[in-house]
Structure formats: structure tokens, C-alpha cells
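Engineer: Quick one, structure for this:
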Amino acid sequence: MSIASAHITASLVKASRDERVDYNDRLNRVTAYIYDHLDDDIDLNRLAEVACLSPYHWHRVYHAMHGETIATTVRRLWLHRAAGYLAYSAMPMDEIAAKSGYSSVAAFTRAFHTDYGLPPAQYRKEGAHAVFRASQSDADVSSYEITIRQVAPMTAVAIDHTGSYMQVGRAFDPLFGWCAMKGLLSAEARAFGIFYDDPMAVPEAELRSRACVVVKTAVTVEAPVLQAEIPGGRCAVLRHRGPYATMRAAYQWLYGTWLTQSGEEPADAPVFEEYLNNPRDTAPSDLLTDIYLPLVARS
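Structural biologist: As a prediction, this is how the structure comes out:
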């Protein structure tokens, strides 16, 4: 994930530091509310109350700081969730359309096709998740390129997230806002997610993850931001191209096919991801993510 949206925040905010903290906190509450109420009607006046801002002005602030309207944010999150349903469930299409805010399958199909490049029924069969599944069933270890890299440990600022990995963005949004406020974002800044639990073995509500931005300089942090270290060492790296919602299939191929045939042994460290572009300005089918699987060192 790049940091273009956070640059927007950095360029916009000219007020005093205290004022900037206040606005950042207020819009963080809005972001959290949206994630928690995706199945409800998102009322703009209610969001203004959550932000403790005038209904006449709050949305202008949100748009300027996040680079997209609230309607675009909700639509993006709905379709992100829909992509997950399509990839990993047998949920009927009309139910997915309804949960995504569309009154008809036809309207949902048009919207999904626009953003994901395929109609939902075709995406369910042929999306980015499907190619990893096919390769796993064929036990073909050579279908996708894995590079072995020696990675230096990286110092980062971070916000922890507990719950669905599909919603780790609710930790990234306030983290980017905080980094922008501190002047920590630059073209060289890198965004990572660390994932501590297996979503197939741990209840979704208990999944632990950490949103991270690598920083070049020492900085004093305050809650909920914390200092963190991204583990380095020898890693197998798989570059995934496509929606974040379909990355589970890539993980299954990486662990179930590549690792078991590679002769490698995983190290005692969590898997982590680097986000190479920004979901706010990149089509889901073009999102690039490097998945790092730490490996035992070799002498």
C-alpha cells in the first residue's frame, strides 16, 4: 500500500498541532464507525455526530483528508467484502448484492465489474484466488515465482488490530493520519502488515495483526501508536497481484504447495506483508502485495 492518501493529509493540514490531533481523532472515529456498521444505513448526519463536527462541514474535511467521498469509501469497503464472499463462500449472488448495498444483482454486477474487471459470477470462478487454488490442486510448485531475500529488520510505528484481517484497514487509516501529522511520510515510506494468527485456526474476532509504517527517524509515540520492529532475516517472498480479499488462496498455495516441496523450514516469526500501492487510487485487480514468509537461516 503506498501512501498517496496520507500525502493528501500532509499537504492539507496547516493548522496548529493540537487542532490537527483533534481532526485526526474525529475522523478516526468516523472510519471505525463505518467499519462497524457496513450492514446498516450510513447516515451522513449520524457520521457528523460521530465526528463531533457540523453537518455542513464535516464531509468536506473527510474528503480533503482521505482523498475520497464517504460514499466512495463505503462502496469500496462493500465491494472489498463482496470479493471475499465470492472467493471463499457459496453465498448466493442476490444475498451478496444486498449486503453490498445494491437493490438488484444487475446493479451489483455493474459496480463489481467496473472495479474488479470481471462480473462477480466470473470472478468467483476465475479471480486471483482461483489460479492459486488450481496450482495447489495440481501441486505445481513452479507456477509462481518465489524469491528468497535476506531482509534487514525495520523499525516502524504501528497500531494493533484485533479482529478480521479483512478489516486491518481500520488500523491503517488512523496510522497514516498520525504519520502525516508528524511529518513522517515521504516517497520512501513503506507500509507493512504483520499477521500473528492462522485465520483457519483462530476465531475471526480474536485474530491479531499490526499495521506498520517504516520510519527513518526516531519518533516519540503515544497510544494507540506504538514502536514496533518488523522481523528481518531470510524470507520467501511471493508477490500477489489482485484484491486483498483474495489473498487467502495465495497463502494456502505458499504454505500447502511451495513450502512443503521447497525443503525450507519456517522460522519462529510471524508472516508479514508489504503493500506496494494504494487501494484508494488503484484498481483492485492491480494491487500489489509482497507476502514475506520468514525462513530458518542457513549457514
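Engineer: so how far is the helix or strand harbouring Ile291 from its chain's centroid?
Structural biologist: Assigned by DSSP states H and E, Ile291 falls within strand 288-294. Distance of strand 288-294 from the chain centroid (CA atoms, centre = their mean, to the nearest Å) equals 13 Å.
Engineer: Tell me the strands beside that strand, with direction?
Structural biologist: If you go by DSSP bridges, strand 288-294 pairs up with strand 233-241 (antiparallel), strand 271-275 (antiparallel).
Engineer: Leaving out sequence neighbours, find the closest residue to Arg26.
Structural biologist: Counting by CB to CB, 6 or more residues apart in numbering, Arg26 lies nearest to Ala51, which is 4.4 Å off, once chain neighbours are set aside. Every C-beta, even on glycine, is put in place using the N, C-alpha and C of the backbone.
Engineer: oh sorry, the question was meant for Phe172
Structural biologist: In space, Phe172 is closest to Ala211, 4.4 Å off (CB to CB, 6+ apart).
Engineer: In three-state terms, label the one you found for me.
Structural biologist: Following DSSP: H, G, I helix; E, B strand; the rest coil, the label given to Ala211 is strand.
Engineer: does it really touch Ile159, like I thought?
Structural biologist: Yes - in this structure Ala211 lies within contact range of Ile159 using CB atoms under 8 Å: 5.2 Å.
Engineer: shared neighbours of those two, anything?
Structural biologist: Common contacts of Ala211 and Ile159 (CB atoms under 8 Å, 6 or more residues apart in numbering): 171-172, 175.
Engineer: What are the phi and psi values at Ser186?
Structural biologist: For Ser186, the backbone dihedrals (degrees, to the nearest 10) come out as phi -150, psi 180.
Engineer: what's it in contact with, if anything?
Structural biologist: Lys216.
Engineer: so what's it scoring on pLDDT?
Structural biologist: Confidence at Ser186, expressed as pLDDT, is 77.
Engineer: If we go by neighbour counts, what in the strand holding Ile291 is buried?
Structural biologist: 289-294 (16 or more other CB atoms under 10 Å).
Engineer: quick one: which two of the residues you listed are the most distant?
Structural biologist: Thr289 and Pro294 (16.4 Å; CB to CB).
Engineer: rewinding a little: just name the most buried of the strands paired with strand 288-294.
Structural biologist: Most buried of the strands paired with strand 288-294 by mean neighbour count (mean count of other CB atoms under 10 Å) is strand 271-275; its value is a mean of 22.
Engineer: which residues sit against that one?
Structural biologist: 1-2, 190-195, 230-231, 247, 251, 287-294.
Engineer: hmm, 6 Å instead?
Structural biologist: 1, 191-195, 289-293 (CB atoms under 6 Å, 6 or more residues apart in numbering).
Engineer: what about Ala32, how many residues close to it?
Structural biologist: A total of 16 residues lie near Ala32 under the criterion other CB atoms under 10 Å.
Engineer: what helix or strand does it sit in?
Structural biologist: Residue-wise, Ala32 maps onto helix 17-36 under DSSP H and E.
Engineer: got the angle for the following helix or strand past that helix vs helix 17-36?
Structural biologist: Per DSSP H and E, the first helix or strand lying C-terminal to helix 17-36 is helix 44-51. Interaxial angle of helix 44-51 relative to helix 17-36 (axes from the mean of the first three to the mean of the last three CA atoms, to 10 degrees): 130 degrees.
Engineer: Packing partners of helix 44-51?
Structural biologist: helix 17-36 (3 or more CB pairs under 6 Å, 6 or more residues apart in numbering; DSSP states H and E).
Engineer: Pull the distance from the helix it packs on to the chain's centre.
Structural biologist: Offset of helix 17-36 from its chain centre (CA atoms, centre = their mean): 18 Å.
Engineer: Likewise for stretch 182-192?
Structural biologist: With CA atoms, centre = their mean, you get 16 Å for stretch 182-192.
Engineer: What part of this protein, helix or strand, is modelled with the least confidence?
Structural biologist: helix 4-12 (a mean of 41; mean pLDDT, DSSP states H and E).
Engineer: contacting residues around Ala152?
Structural biologist: Applying CB under 6 Å, 6+ apart, the residues near Ala152 are Gly232.
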